[in-house]
Structures are given as structure tokens and as C-alpha cells.
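> return a 3D structure for these sequence lines:
(one chain, ligands or ions: 2)
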Amino acid sequence: MTASVISAESIPGTGRAAQGAIELRQVSKHYGDVVAVDELDLTVQPGEFVTLLGPSGSGKTTTMMMVAGFEEHTAGTVLIDGRPVDSLPPRDRNLGVVFQNYALFPHMSALENVEFALRMRKVPRPERRQRAEEALDRVGLGKMGGRKPRQLSGGQQQRVALARALVFNPAALLLDEPMAALDKRLREQMQEEIKTLQKGLGISVLFVTHDQDEAMAMSDRIVVMKDGKIVQSGPPEEVYNHPLTDWVASFLGDTNLIPCTIVERNGEEAVVDLGGLGLAKVRDRGASGENYAVSIRPEHLKFRTRAAAGNGCAATLVSSTNLGATVRHRLTAGGHELQLRELSSDRGTRILPDEELWVGWDADKAQLLVLES
Ligand SMILES: Nc1ncnc2c1ncn2[C@@H]1O[C@H](COP(=O)(O)OP(=O)(O)O)[C@@H](O)[C@H]1O
Ligand SMILES: [Mg+2]
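Ligands and ions are numbered 1, 2, ... in the order given. Okay, the predicted model is just below:
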């Protein structure tokens, strides 16, 4: 484990009054015939960490650019702390911005890059230098202020960009795939550091990623986008465990999708017919469409004894693959191909190829959803 170099305690201004509410009301962006963002309603509460998660081209960057003021929207209103900012230039919106393509100035040192944000905001020179040094300290680069960007690693450059975004005590931070260029290890370290920094400052963050693991790890709330629209929004566990459509379920990870017909719906619960898998009680979020399926995450499918109560049926093991920490089993059950994932340490010794097995799941882990595809 690498120790976190960004320290929340060292941050002046911790515990300041809550600010940094971002609100988009019916915001759209058209590029000719392309509808990049389509009547988006979105709120970030003060101190909240909200992630826009979606595939490439779903409108995430366009949304960020409109909040930051680098793109003009076609329709709608953007408010920051309740104030419409549509006619304000970026520097007057009081937002710290780290974009993937918003690079450091190569001819300036790290310190000068951070100072630049203050120069733009007409902060007097002596104060500028001191605040920039503090900001670099905060991201663990206090000793590297004199280096040019090319003398810094990718992770260090990202830290400078973060210091530059924070140095003027912005109301909120906008981070658009800030870790996309980093390798996995460094990315995970930066994720934790940004999270610690954000909590320490109590600052709101609007974050963009196409990486569902990153979204799960960092967010208070995930907003899933597709084709310029929000398709689902909620806390990470809720969106992961209770997707409303097969598209959301599959975008957020592996899942078993079992087509079904609805027998009965009673508020939060439904009884469905899973064909060869029989009748089952499942969770219901009230999604409505033409075709339905039940989503059960591979880790929620369990080997059971035949006598165990609840949902389940006989299954045949097709293959088992050791993935290190987990084992993925492919099964067939009731005419469906299913995936079951268990921890390698839990791996059942009883499982032999071609042996008849029983698999089951808890009713609250099976989610009724709309089949779009
Ligand atoms: N300057 C532009 N001109 C024309 N189309 C654009 C422009 N910027 C983005 N788009 C289009 O808008 C859509 C959303 O893009 P973007 O917001 O960059 O998506 P994401 O960040 O989710 O990958 C895409 O279809 C993209 O091709
Ligand atoms: Mg983008």
C-alpha cells in the first residue's frame, strides 16, 4: 500500500459554509443534427460527489463543458448556488476544472501553472505565490514546484492540475476523466486521494468517467447517461443492484438476464415466471415496458443444497475459470446459461464436472427490469 500523499487535514477552509450546488434545468446541446445533450435535469447538492457515467459519445463531456462555461447550451439553464450562470464566462463561475484535454502549460513550472489560475482572477502577486505553494503542498508536490510538466510523471501532472483547480477555493470541482491516462494502480491511488480531499474540503464534485468501477468507488450518486439522456440515477449500490433496464445492468457489470413474464406486481415485489426456472419472487422498481427480464448478478447466484428454501433450481456445470480472487462458473439451468461467481477461498470442493447442482439466489438480489434490446 502506498500512503496517501494528499492530506485533508492540512487544508485551510475546511468546515466552511456549504456551497457548490450545481443545477441543470432542461439543458440541451445540439451540434447541427446531433443532439449531444437532451433536456437534461441534474442537481449536485453542496458537498455531494456525483458521477456522470456513460459510454463514449453519451454527452458527458458536453454536459461538463456547459457547466464550466466552455460550451454554450442550445436550451435550458445552468445554476450555481441558485444563481443562473448562463451569461458568465468560465472564470467567473467559481468552478475548479480538471479536464483530460485541459493540459498544463508546458513552458511554465508546476508552481507557475497553479499560480496562473490566481493571476486570471486578479489575485495580488505575493498572495498568489503563497497560495500556489500551499495548493501544491496539499497534493503532495510541495518540493516539485520548480519542475516543468515534462519533468513530472503522469500522476504528478494530474496532481498539479488538481492543485490548479483548487487553489482559488472554488465552489465545486468538475473532473472529466482526470485519471484516464494513468495506469490502473496509480488510478486507484488517485481515486482514493481525490475522495479524501473532497471529503476533507466538503466540496461538491461533478465527475465524469466511462469506467463503472471508478464510478462505484468514488460516487455518492451515479448518473447513468446514454444518448444525451439520463437513464438512471442513484447511489452506487442501488444502481448496481437495482438497474431499471438490461442496458444499465450490463453497462455496470456482468449480470445474468433471464427473460420473464410478470404474474403479479405488489409494490416493491413481483412474482415472475422465469420459464424453465419456474416462478420466483423478485424486487420491483416499477419499470414498465414491453418485455421484461430478471437480473441476477453472478456473485448473487449461490450453490445451494436441494433442500434449501427460496428461489433456485437444478443446474449443470459447464466450466469453471479461476480468475485469481474469484472463480467464474458457467452453468445451464432451466434452459438458461448462467454465470456464478464466488470467491476462490469459498470454492466448493463438492463441484465436479457434469454433477447435478442446485443453484439459488435471495429474492432481494433479483431485480425485475425492462428488456430494451
Ligand atoms: N464540437 C462538436 N461538434 C459536433 N459534434 C460534437 C462536438 N462535440 C461533441 N459532439 C458529439 O456530441 C456527442 C456527445 O459527445 P461527448 O459529450 O464528447 O460524449 P462523451 O464525453 O460522453 O464521450 C457525440 O455524438 C459527439 O460526437
Ligand atoms: Mg468525454
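> strands along the stretch 101-250 of the chain, start to end?
Ranges of strands in the stretch 101-250 of the chain, per DSSP state E, counting those that start in this stretch, are 172-176, 204-209, 221-226, 229-234.
> for these, which one sits closest to Gly324?
Among those, the nearest to Gly324 by C-beta to C-beta is strand 204-209 (23.9 Å). C-beta coordinates here come from the backbone N, C-alpha and C atoms, glycine included.
> show me what the closest one is packed against.
Judged by 3 or more C-beta pairs under 8 Å, 6 or more residues apart in numbering; DSSP states H and E, strand 204-209 is in contact with strand 34-44, strand 49-53, helix 60-68, strand 172-176, helix 212-218.
> tell me the most buried of the strands of the stretch 101-250 of the chain?
Mean neighbour count, computed with mean count of other C-beta atoms under 10 Å, is highest for strand 204-209 among the strands of the stretch 101-250 of the chain, reaching a mean of 26.
> is ligand 1 within reach of that one?
No. Strand 204-209 is not in contact with ligand 1 by C-beta under 6 Å from any ligand atom; minimum separation 6.7 Å.
> sheet partners, orientation included, of that strand?
Paired neighbours of strand 204-209 in the sheet (DSSP bridges): strand 49-53 (parallel), strand 172-176 (parallel).
> check the secondary structure at Val27 for me.
Here Val27 is recorded as strand under DSSP: H, G, I helix; E, B strand; the rest coil.
> all helices for the stretch 1-150 of the chain, in order.
60-68, 110-120, 125-138 (DSSP state H, counting those that start in this stretch).
> dump these to JSON lines, plus distance to Ser87.
Formatted as JSON lines, these follow (distance: least, C-beta to C-beta, whole Å):
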{"stretch": "helix 60-68", "distance to Ser87": "13"}
{"stretch": "helix 110-120", "distance to Ser87": "19"}
{"stretch": "helix 125-138", "distance to Ser87": "28"}
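> figure out which of those is closest to ligand 1.
If you check each of the helices of the stretch 1-150 of the chain against ligand 1 by C-beta to the nearest ligand atom, helix 60-68 wins as the nearest, at 3.2 Å.
> now do the closest one: which elements does it pack against?
Judged by 3+ C-beta pairs under 8 Å, 6+ apart, the packing partners of helix 60-68 are strand 22-31, strand 34-44, strand 49-53, strand 95-99, strand 172-176, strand 204-209.
> repeat the analysis, applying 7 Å as the threshold.
strand 22-31, strand 34-44, strand 172-176, strand 204-209 (3 or more C-beta pairs under 7 Å, 6 or more residues apart in numbering; DSSP states H and E).
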